[in-house]
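> mind looking at a prediction? Sequence and model below.
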Amino acid sequence: QVQLVESGGGLVQIGGSLRLSCAASGSDFSITAMGWYRQAPGKQRELVTSVTVGGSTNYADSVKGRFAISRDNAKNTVYLQMNSLKPEETALYYCNGNGRYKRGTYYSAWGQGTQVTVTS
């Protein structure tokens with residue numbers, strides 16, 4: 001099975017920056033797209049941004065101009081650079097990956113989440 005492992009979360013002050021990483025591992029798989037979601041306490045999980053293997057990106061309106069997603073296809077890794085962070089962006093950030101196994105079946109995998117806390 002494909003496994004995703006996030007890193008890079010932590011505590012940051014308002015207006016600060018953080019960089020999250022997510023590495024995919026497993027056997028005989030390819031990745032179509034990877035993305036970042038977040039879930040704040042008491043709220044639904046929401047899409048922050050995603051990127052396809054071809055490099056097409058999609059951003060939530062609330063993060064446009066401040067967040068940037070990038071990926072290293074050779075390393076099966078995706079990054080999320082977050083700038084000008086706001087307190088309301090305190091949440092558990094999850095990595096998601098979608099693709100296909102060599103045997104033909106599709107998958108959608110999730111990481112365990114990494115906490116981002118924005119403080120004054």
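Alright, I've got the coordinates.
> what about residue 109, neighbour count?
18 (other C-beta atoms under 10 Å). Placement of C-beta: from N, CA and C, glycine included.
> got a list of what the closest residue to residue 36 other than its chain neighbours touches?
Of all residues not flanking residue 36 in the chain, residue 48 sits nearest, at 4.4 Å (C-beta to C-beta, 6 or more residues apart in numbering). Residue 48 makes contact with 35, 36, 37, 38, 59, 60, 63, 67, 80, 93, according to C-beta atoms under 8 Å, 6 or more residues apart in numbering.
> repeat the analysis, applying 7 Å as the threshold.
By C-beta atoms under 7 Å, 6 or more residues apart in numbering, the residues touching residue 48 are 36, 37, 38, 60, 63, 67.
> quick one: pLDDT of it?
Looking at residue 48, its pLDDT is 98.
> which strand or helix spans it?
Element membership of residue 48, judged by DSSP states H and E, is strand 46-52.
> and the next helix or strand past that strand?
Once strand 46-52 ends, the next helix or strand along the chain (criterion: DSSP H and E) is strand 57-59.
> give me the helices and strands touching that following strand, please.
strand 46-52 (3 or more C-beta pairs under 7 Å, 6 or more residues apart in numbering; DSSP states H and E).
> now the strand it packs on: how far from the chain's centre is it?
Remark: strand 46-52 is offset 7 Å from the chain centroid, using C-alpha atoms, centre = their mean, to the nearest Å.
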